[in-house]
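K.L.:
Structure for this input, please:
(one chain, ligands or ions: 3)
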Amino acid sequence: MNILRIVYLASLFLIDKSLSAKCTTTRTGNDVSTDCHGKGFRYVPKNIPNDTTYLDLSANELFVIFNFAFSRLKHVSSLKLSSAQISVIESNAFSGLVKLTSLDLCNNTLDIHSLPETVFDSLSFLRILDLSQNNFRYYPEKILVKLSELERLSINGINDQTFGNGFRSLRKLTYLKFEPCTITRMDNNTFDVFKNIQLKELIFQCKIRYVEPGALNPFKLIERLDISKNFNVRISYLLQLLNGLMDRIVTSIDFSHNFRTIPAADVLLASQFAMIGAVCVKEVDLTRNRIISIQSGGINLMKHKNCLEKLFSKKIVYG
Ligand SMILES: *[C@@H]1O[C@H](CO)[C@@H](O)[C@H](O)[C@H]1NC(C)=O
Ligand SMILES: *[C@@H]1O[C@H](CO)[C@@H](O)[C@H](O)[C@H]1NC(C)=O
Ligand SMILES: *[C@@H]1O[C@H](CO)[C@@H](O)[C@H](O)[C@H]1NC(C)=O
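P.N.:
Numbers count the residues shown, from 1 in each chain. Ligands and ions are numbered 1, 2, ... in the order given. Predicted coordinates for the structure are as follows:
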């Protein structure tokens, strides 16, 4: 009897909790921000104001995004669906979101089967897409093909998968981040599909062990390169990648936090250090790479040493 009563009270409490879960809407000028973050929602609530422009449904338990879930919400330009345990998205789920420019699906359990081929067809204005921290084992090439306006993409980096035509069609892409990233090799044809894409920022925190000197060749307009946190590779070895950026003008290169797992040390020869100067780069971060010494004379060997404004290294900071 007592147990029954406790169960009954507990279920009343649960019902009450889900009924009282409310989103908060804030209006500032033309921006209408509706925050439904972390309210235990299992579906897209029905009472979201229809003039909402920014909608945060992150940290809920949505599991499935059903067809037409947002079709009333024609003014939403930014939609946050991160950490919402989503594994299925129906093909017309985003139908009606005619103004959507930013979609965050980070940290769900999406794989290639979760995203029907036509799921992004209605999102012709999408500029920012975050698919990182999902369960992809293959790149969702077919849905990328439609995203001709996309400027920023974050996605899992998958070892032994080539970048195919889906990436080639992202003509306006300027920012590409892999997270998490299991890629172990950068061959000199790895990035061929990016040849006609004017990528400015590449963030590649992976598991690189092998690189070929020309691998970065296709990135003709790169401004910011982050090849940090590849824990198993020596910086003296990674520096040869800069060969592929020879004579380019680059704002910053982050080569920090590589070579962390092995208790060992790295020594930079003057010729290796001088590779930094193959590129006209303003700022270089070489910290936390277990570099114990840099052979002198490297700076003099640098072709573009005048470009360098800041160099971060454990012991030396040239500024
Ligand atoms: C929102 O819905 C109301 C009816 O509930 C309607 O009158 C109004 O035009 C809609 N507004 C927008 C921005 O769609
Ligand atoms: C990812 O989502 C899970 C729930 O699905 C959550 O527990 C975890 O905190 C989230 N991680 C981050 C980094 O937000
Ligand atoms: C690419 O690397 C291979 C070795 O794996 C080499 O034979 C080839 O010449 C390289 N190509 C270019 C364009 O650098």
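
K.L.:
CA only for contacts and neighbour counts going forward, please
P.N.:
OK.

K.L.:
can you pull the pLDDT of the closest residue to Gly157 other than its chain neighbours?
P.N.:
If the residues on either side of it in the chain are set aside, Gly157 comes closest to Cys181, at 4.0 Å by C-alpha to C-alpha, 6 or more residues apart in numbering. Note for Cys181: predicted pLDDT of 96.

K.L.:
again, but for Met302
P.N.:
92.

K.L.:
what does Ala21 give?
P.N.:
pLDDT recorded at Ala21 is 67.

K.L.:
before we move on, what about the one 3 residues further on?
P.N.:
The per-residue pLDDT reported for Thr24 equals 96.

K.L.:
ok, the residue found closest to it once you drop the neighbours it is linked to in the chain - how many residues close by?
P.N.:
Counting by C-alpha to C-alpha, 6+ apart, Thr24 lies nearest to Asp35, which is 5.1 Å off, once chain neighbours are set aside. Burial of Asp35, expressed as a neighbour count using other C-alpha atoms under 10 Å, amounts to 20.

K.L.:
Show the contacting residues for Asp35.
P.N.:
By C-alpha atoms under 8 Å, 6 or more residues apart in numbering, Asp35 lies in contact with 23-25, 55-57.

K.L.:
hmm, back to that, so the residue nearest to Gly157 makes contact with Asn156?
P.N.:
Yes. At 5.7 Å, Cys181 counts as touching Asn156 under the criterion of C-alpha atoms under 8 Å.

K.L.:
circling back to that earlier point, pipe the contacts of Asp35 into TSV and attach neighbour count, secondary structure and distance to ligand 2 per row.
P.N.:
Supplementary listing: those in TSV, determined by neighbours: other C-alpha atoms under 10 Å; DSSP: H, G, I helix; E, B strand; the rest coil; distance: C-alpha to the nearest ligand atom, whole Å:
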residue	neighbour count	secondary structure	distance to ligand 2
Cys23	20	coil	19
Thr24	12	strand	21
Thr25	15	strand	23
Leu55	24	strand	17
Asp56	20	strand	14
Leu57	27	coil	13
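
K.L.:
Those: which two are farthest apart?
P.N.:
Using C-alpha to C-alpha, these reach their maximum pairwise distance at Thr25 and Leu57, which is 12.4 Å.

K.L.:
Mind jotting down where the strands sit in the stretch 1-150 of the chain?
P.N.:
Applying DSSP state E, counting those that start in this stretch to the stretch 1-150 of the chain gives strands spanning 24-28, 31-35, 54-56, 64-65, 78-80, 88-89, 102-104, 128-130.

K.L.:
would CSV of those strands with distance to Asp285 be doable?
P.N.:
Listed next are the strands of the stretch 1-150 of the chain as CSV, based on distance: least, C-alpha to C-alpha, whole Å:
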stretch, distance to Asp285
strand 24-28, 40
strand 31-35, 38
strand 54-56, 35
strand 64-65, 42
strand 78-80, 32
strand 88-89, 40
strand 102-104, 29
strand 128-130, 26
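
K.L.:
circling back: now the residue nearest to Thr24: how far from Asn47?
P.N.:
The gap separating Asp35 from Asn47 is 12 Å, by C-alpha to C-alpha, to the nearest Å.

K.L.:
how about the residues of the stretch 1-150 of the chain that lie near ligand 2?
P.N.:
83-85, 107 (C-alpha under 6 Å from any ligand atom).

K.L.:
OK, contacts around the residue nearest to Gly157?
P.N.:
Per C-alpha under 8 Å, 6+ apart, neighbours of Cys181: 156-159, 204-207.

K.L.:
Try it again at 6 Å.
P.N.:
By C-alpha atoms under 6 Å, 6 or more residues apart in numbering, Cys181 lies in contact with 156-157, 206.

K.L.:
ok, now how distant is it from Thr190?
P.N.:
In terms of C-alpha to C-alpha, Cys181 sits 15 Å off from Thr190.

K.L.:
How about residues contacting the helix or strand hosting Tyr237?
P.N.:
Element membership for Tyr237 (DSSP states H and E) is helix 235-238. Helix 235-238 has contacts (C-alpha under 6 Å, 6+ apart) with Leu268.

K.L.:
Repeat the analysis, applying 7 Å as the threshold.
P.N.:
Helix 235-238 is contacted from outside by 258, 268, 272, 289, using C-alpha atoms under 7 Å, 6 or more residues apart in numbering.

K.L.:
burial measure for Lys74, as a count.
P.N.:
17.

K.L.:
wait, it sits on Leu97?
P.N.:
Yes. Under the contact definition of C-alpha atoms under 7 Å, Lys74 touches Leu97, with a separation of 5.2 Å.

K.L.:
Leu225 sits in which helix or strand?
P.N.:
Assigned by DSSP H and E, Leu225 belongs to strand 224-226.

K.L.:
Which secondary structure elements does that strand sit against?
P.N.:
Judged by 3 or more C-alpha pairs under 7 Å, 6 or more residues apart in numbering; DSSP states H and E, the packing partners of strand 224-226 are strand 201-204, strand 249-254.
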